[in-house]
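> model this:
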Amino acid sequence: MSLAAPAAPEPSERWGILYASVWLTFLVFPVVDAAQLDAPGWVRALLLTGLAAFAGVYVAAWVGEHSRPDAAQRRTPAFAVVLLALWAAVSTQLGSTAMGMLVFVVVLCCLLGSQRVATVSVIVVPALAGLTWWVTADLAAAFLFGLVALMTVVSLVLRGMEQQRETRRVLQEETAVATERERVARDVHDVLGHSLTVITTKAELAQRLLEKDTPETRARAVAELADVQSLGREALAEVRATVAGLRVARLGEELAGADRAFGAAGIDAEVPADVSVVDPRRRLVLAWVLREAVTNVVRHSGATRCVVELGQHSLVVRDDGRGVAGTVQGNGLRGLAERVAAAGGVLTVTDTAPGTRLEVSWP
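Below you'll find the model as predicted:
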């Protein structure tokens with residue numbers, strides 16, 4: 001089946017863990033402060049170890065998201081709790097300098113967590129940052145609190161954009177499926193409608209011939225029934241090819257089939273045999289149109305005469321039947337109109353009193 005092309009991957013999908021890890025550069029400030037802290041060496045070593053563990057847990061969360069997206073939401077709360085614990089431990093020594101670590105927590109929760117986790121994080125994390133600012137009451141804390149608040153808003157925006165992309169992707173897939181179903185339904189209708197009409201007409205003709213019960217009529221009836229058998233096999237093959245997306249109507253074959261269908265229905269017809277006059281770009285669409293038009297004439301019109309005319313960019317089918325005034329447009333004509341419109345053409349059906357004129361043309 002022909003489905004819509006997949007959307008181009010986002011930067012975070014193309015670059016994966018590297019895209020997420022680049023933000024770890026913001027840990028430079030607490031790392032520098034920890035290395036320069038006026039404290040025993042073992043304290044500085046513990047602080048640096050805690051910061052390294054913080055970075056490792058953050059990267060591990062993104063590794064899990066890219067390797068097991070289905071489990072990422074379930075694991076995110078645990079990663080967030082570990083990150084908050086490491087932040088709390090480091091901030092006891094670094095104070096407001098460690099506040100920037102909260103940015104990673106809120107980003108992680110908003111981009112990888114569930115809706116509930118994201119909601120809790122955008123309340124809890126800024127509150128912790130605000131509490132740190134209130135306790136330390138220094139200018140650096142005010143700046144970092146603003147950074148945390150800003151990144152919280154940015155994370156929410158990014159999450160909303162991701163949800164919109166996912167919604168758009170789902171809608172594109174549903175549209176592609178619906179379009180494919182319509183294509184199959186339209187093609188099956190066109191294939192079966194024509195084939196079954198001809199089969200029915202030939203079967204009725206064979207019955208009338210057998211009722212006369214003469215050697216000549218019996219021989220012709222046998223020939224008509226053989227055609228019915230052949231048409232049945234062809235229709236089955238065409239339906240299978242249509243469902244598989246391989247069915248291609250050919251204008252020359254449809255012209256020959258139209259002549260055969262009109263003859264079986266006892267309709268005097270003028271059907272051209274040469275398709276060279278038609279622009280090759282239009283032949284496929286015109287073949288489908290001719291098939292449906294012939295089916296409608298044989299099945300519904302009650303006509304005694306039909307004329308088919310071909311032009312370089314046009315097809316006209318005229319009959320002297322009962323016309324289309326007061327009738328409701330069926331699925332066949334609606335499907336044809338959609339097919340022609342998709343090819344840039346125009347389909348018009350006119351009541352000529354008596355009869356009907358169907359025309360397809362390109363501007």
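
> Helices of the stretch 201-350 of the chain, start to end?
215-243, 251-264, 283-296, 331-342 (DSSP state H, counting those that start in this stretch).

> deepest of these, which one?
Stretch with highest mean neighbour count among the helices of the stretch 201-350 of the chain: helix 283-296 (a mean of 24; mean count of other CB atoms under 10 Å). From N, CA and C alone the C-beta is placed, and that goes for glycine too.

> Check which helices and strands it is in contact with.
Secondary-structure packing of helix 283-296 (3 or more CB pairs under 8 Å, 6 or more residues apart in numbering; DSSP states H and E): helix 139-212, helix 251-264, strand 314-319, helix 331-342, strand 356-361.

> Now mean pLDDT and distance to T200 too, for the helices of the stretch 201-350 of the chain, in a markdown table please.
Formatted as a markdown table, these follow (pLDDT from 0 to 100; distance: least, CB to CB, whole Å):
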| stretch | mean pLDDT | distance to T200 |
| --- | --- | --- |
| helix 215-243 | 75 | 9 |
| helix 251-264 | 87 | 9 |
| helix 283-296 | 87 | 11 |
| helix 331-342 | 80 | 16 |
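
> for the host helix or strand of L108, what is the average pLDDT?
Counting by DSSP states H and E, the element that carries L108 is helix 101-112. The pLDDT scores in helix 101-112 average 76.

> Over to stretch 50-60?
Averaging pLDDT along stretch 50-60 gives 84.

> Tell me, please, the helix or strand in the protein that averages the lowest pLDDT.
Among the helical and strand segments of the chain, the one scoring lowest on mean pLDDT, DSSP states H and E is helix 11-15, with a mean of 46.

> need the least confident one among the helices and strands packed on helix 283-296, by mean pLDDT.
Mean pLDDT values for those show the minimum at helix 139-212, a mean of 69.

> give me the number of residues near V107?
V107: 21 surrounding residues under other CB atoms under 10 Å.

> do the same with A78
Using other CB under 10 Å, A78 has 11 neighbouring residues.

> picking up where we left off before, between the helices of the stretch 201-350 of the chain, which gets nearest to R322?
helix 283-296 (11.5 Å; CB to CB).

> Keeping just the C-alphas, turn that closest one into CSV.
Coordinates of each C-alpha in helix 283-296 appear next as CSV, following Å, rounded to 0.1, in the frame of the first residue of the first chain:
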residue,chain,number,x,y,z
ARG,A,283,-4.8,7.5,-20.9
LEU,A,284,-4.8,6.0,-17.4
VAL,A,285,-7.4,8.3,-16.0
LEU,A,286,-9.5,8.1,-19.2
ALA,A,287,-9.4,4.3,-19.1
TRP,A,288,-11.0,4.3,-15.6
VAL,A,289,-13.6,6.9,-16.7
LEU,A,290,-14.5,4.9,-19.8
ARG,A,291,-14.9,1.7,-17.7
GLU,A,292,-17.4,3.4,-15.3
ALA,A,293,-19.2,5.2,-18.1
VAL,A,294,-19.8,2.0,-20.1
THR,A,295,-21.0,0.3,-16.9
ASN,A,296,-23.5,3.0,-16.3
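
> Could you check the angle it makes with strand 356-361?
170 degrees (axes from the mean of the first three to the mean of the last three CA atoms, to 10 degrees).

> Which one, of the helices of the stretch 201-350 of the chain, ends up nearest to F29?
helix 331-342 (59.0 Å).

> And that closest one, what does it pack against?
helix 139-212, helix 283-296, strand 346-351.

> outside of the shortest one, which residues touch it?
The reference is to strand 346-351. For strand 346-351, contacts defined as CB atoms under 8 Å, 6 or more residues apart in numbering pick out 289, 323-325, 329, 333, 336-337, 340-341, 356-363.

> For that strand, buried residues please.
L347, V349 (16 or more other CB atoms under 10 Å).

> strands paired with it, and their directions?
Sheet pairing of strand 346-351 (DSSP bridges) gives strand 356-361 (antiparallel).

> The strand it pairs with vs strand 314-319, what angle?
Between strand 356-361 and strand 314-319, the angle comes out at 180 degrees (the same axes, to 10 degrees).
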